[in-house]
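okay, predicted coordinates and the sequence, questions at the end:
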Amino acid sequence: MAGIRLQDVADLAGVSMKTVSNVVHDYEHVSSKTRQKVQAAIDELGYRPNMMGRRLATGKTGLIALAFAAVSIPYFAELARVVSSVAARHGYRVLLEETDATLEGERAVVASSEAGMVDGVIFQPSVMSSTEIARHRTDIPMVTLGEGAAPLSMDRVMIDNVAAARDATLHLVKLGRRRIGFVGHERSGLSATSAQRIMGYQHALESSGLVADPALLVASESISAAGAVAGVGEALDAGLRVDGLVCRDDLAAIGALRALRERQLRVPEDVAITGWDNIQMSAVTFPSITTVAPDLEALAERAVSLLVERMGGFAGVGRHELVGYDLVFRESAPAVS
């Protein structure tokens, strides 16, 4: 509700403005009875603290930004949900920023960081170089996520993409597949994500005595299910023959499922498929998708914890940390019995 003031909350709760302020800022020395009374008044009036006023009073806003390519990408939507939950446990709310995976959008994140509206930023870059990221405004602490290059001065949290892609590929090899393709990398140029996943895929093939044939790499115009439908369809119509597909992400796997079905190829009988990200819809496709599942809870917890330390004054060199992942077995590439 617009126009609600601290004084209005104090009047309704029958306490002083100082007491309301103590509750809003979560000071310890407030009795539970008083805290409940003030919170009830806050809820009834719909009071929301003025973030700029809070910053002037405490030096903090209680907000952190989470910046990534697009919330329309299911993985990022699920990441946002988990980061928001973890941040709340640390006493922070999360402001989402979309960069559209463009250089202009990412530069805006590192240059402005919402101009004093947030206390820190968790940022998953797609196109910026580590050198340029390192030149970001130093008054806003930042932690990066993902496979892109990260400055040595900045914290980063990610999973081992090479190892995870190797594990997914080796699973298809264990299923007896010998012509295994890779689906979903960018036709216009490899992102760091695609490059690392292709590297793991290649290592698995070579360690299994299989040929890493460039003809088995199926690119798409966009990182999307529709892009994978078109890319896989074109490759199959041009004569590509595979019995396994490692897909860059679950969207690529969903697109591959459709392209194969349109050509009467069965999954997993004719072609076994693995995806990546373990987005919610991967469990309910037909068939359901075997997928690499990053430990999102651990990823979010480490990123938020590192950022909280930075916001608290930690000024050491960057800490680059790995969190775990699992290969979740479903119908598209069943577990080896």
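Nice, thanks for sending it over. Residues are numbered from 1 along each chain as shown.

would you mind giving the domain segments of this structure?
Domain ranges of the chain: 1-45, 63-159+295-324, 161-294, per automatic domain parsing.

the ones you listed: which one's closest to S332?
domain 161-294 (4.2 Å; C-beta to C-beta). In this view, the C-beta of every residue, glycine as well, is placed from N, C-alpha and C.

could the domains of the chain go into CSV alongside mean neighbour count, mean pLDDT and distance to R330?
Below are the domains of the chain laid out as CSV (neighbours: other C-beta atoms under 10 Å; pLDDT from 0 to 100; distance: least, C-beta to C-beta, whole Å):
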stretch, mean neighbour count, mean pLDDT, distance to R330
domain 1-45, 15, 79, 43
domain 63-159+295-324, 18, 90, 16
domain 161-294, 20, 96, 4
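
leaving out chain neighbours, which residue sits closest to V242?
Spatial nearest neighbour of V242, excluding adjacent residues (C-beta to C-beta, 6 or more residues apart in numbering): G181 at 4.4 Å.

and the one you found, what does it touch?
By C-beta atoms under 8 Å, 6 or more residues apart in numbering, G181 lies in contact with 216-218, 235, 240, 242, 244-246.

now, which of those lie within strands?
If you go by DSSP state E, these have 217-218, 244-246 in strands.

quick check, nearest of those residues to K37?
Proximity of the ones in strands among the contacts of G181 to K37 was ranked by C-beta to C-beta; the top entry is V246 with 57.9 Å.

contacts only, for that closest one.
For V246, counting by C-beta under 8 Å, 6+ apart, the contacting residues are 165, 168-169, 172, 180-183, 197, 201, 274.

ok, 10 Å please
165-166, 168-169, 171-172, 177, 180-184, 197-198, 200-201, 204-205, 216, 252-253, 272-276, 292, 333 (C-beta atoms under 10 Å, 6 or more residues apart in numbering).

restricted to strands, list these.
Taking DSSP E, the ones among the contacts of V246 that sit in strands are 180-184, 272-276, 292.

from those, which is closest to T285?
Checking the ones in strands among the contacts of V246 against T285 by C-beta to C-beta gives G275 as the nearest, at 9.1 Å.

is the closest one bridged to anything, and to what?
Legend: beta-bridge partners of G275 under DSSP bridges are T291.

how far away is it from V83?
Distance, G275 to V83, by C-beta to C-beta, to the nearest Å: 22 Å.

just V173 next, same as before
Separation of V173 from V83 (C-beta to C-beta): 35 Å.

can you put the ones in strands among the contacts of G181 in TSV and add distance to I140?
Listed next are these as TSV, based on distance: C-beta to C-beta, whole Å:
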residue	distance to I140
L217	39
V218	40
G244	45
L245	41
V246	38
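
show me the two of those residues that sit farthest apart.
Using C-beta to C-beta, those reach their maximum pairwise distance at L217 and G244, which is 13.4 Å.

overlap in contacts, the two.
Shared between the contact lists of L217 and G244 (criterion: C-beta under 10 Å, 6+ apart) are residues 181-182.

what separates stretch 31-46 from the chain centre, distance-wise?
35 Å (C-alpha atoms, centre = their mean, to the nearest Å).

any idea which helix or strand comes after the host helix or strand of Y75?
For Y75, the element it lies in under DSSP states H and E is helix 74-89. Moving toward the C-terminus from helix 74-89, the next helix or strand (DSSP H and E) is strand 93-98.

so who does A204 touch?
Contacts here follow C-beta under 10 Å, 6+ apart; on that basis A204 touches 162-163, 165-173, 180, 210, 212, 246.

the same query, at a cut-off of 8 Å, please.
Counting by C-beta under 8 Å, 6+ apart, A204 makes contact with 165-170, 173.

JSON lines for those residues, including distance to V9?
Compiled in JSON lines, the contacts of A204 are given as follows (distance: C-beta to C-beta, whole Å):
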{"residue": "A165", "distance to V9": "53"}
{"residue": "R166", "distance to V9": "56"}
{"residue": "D167", "distance to V9": "54"}
{"residue": "A168", "distance to V9": "53"}
{"residue": "T169", "distance to V9": "58"}
{"residue": "L170", "distance to V9": "59"}
{"residue": "V173", "distance to V9": "63"}
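
of those, closest to T285?
A168 (16.7 Å).

how near is that closest one to E321?
Taking C-beta to C-beta, one finds A168 at 22 Å from E321.

ok so, going back, helices - which of the contacts of A204 land there?
Among the contacts of A204, the members found in helices (DSSP state H) are 165-170, 173.

grab the nearest non-local neighbour of L79.
L296 (6.2 Å).

do I have it right that that neighbour meets A80?
No - at 10.3 Å, L296 does not count as touching A80 under the criterion of C-beta atoms under 8 Å.

circling back to that earlier point, need the domains of the chain in a markdown table (columns: distance to S337).
Formatted as a markdown table, those follow (distance: least, C-beta to C-beta, whole Å):
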| stretch | distance to S337 |
| --- | --- |
| domain 1-45 | 53 |
| domain 63-159+295-324 | 25 |
| domain 161-294 | 10 |
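
next, L190: secondary structure please.
At L190 the chain is in coil, as set by DSSP: H, G, I helix; E, B strand; the rest coil.

contact partners for the nearest residue to it once chain neighbours are set aside?
Spatial nearest neighbour of L190, excluding adjacent residues (C-beta to C-beta, 6+ apart): I198 at 7.3 Å. Listed by C-beta under 8 Å, 6+ apart, the contact set of I198 reads 165, 182, 185, 190, 217.
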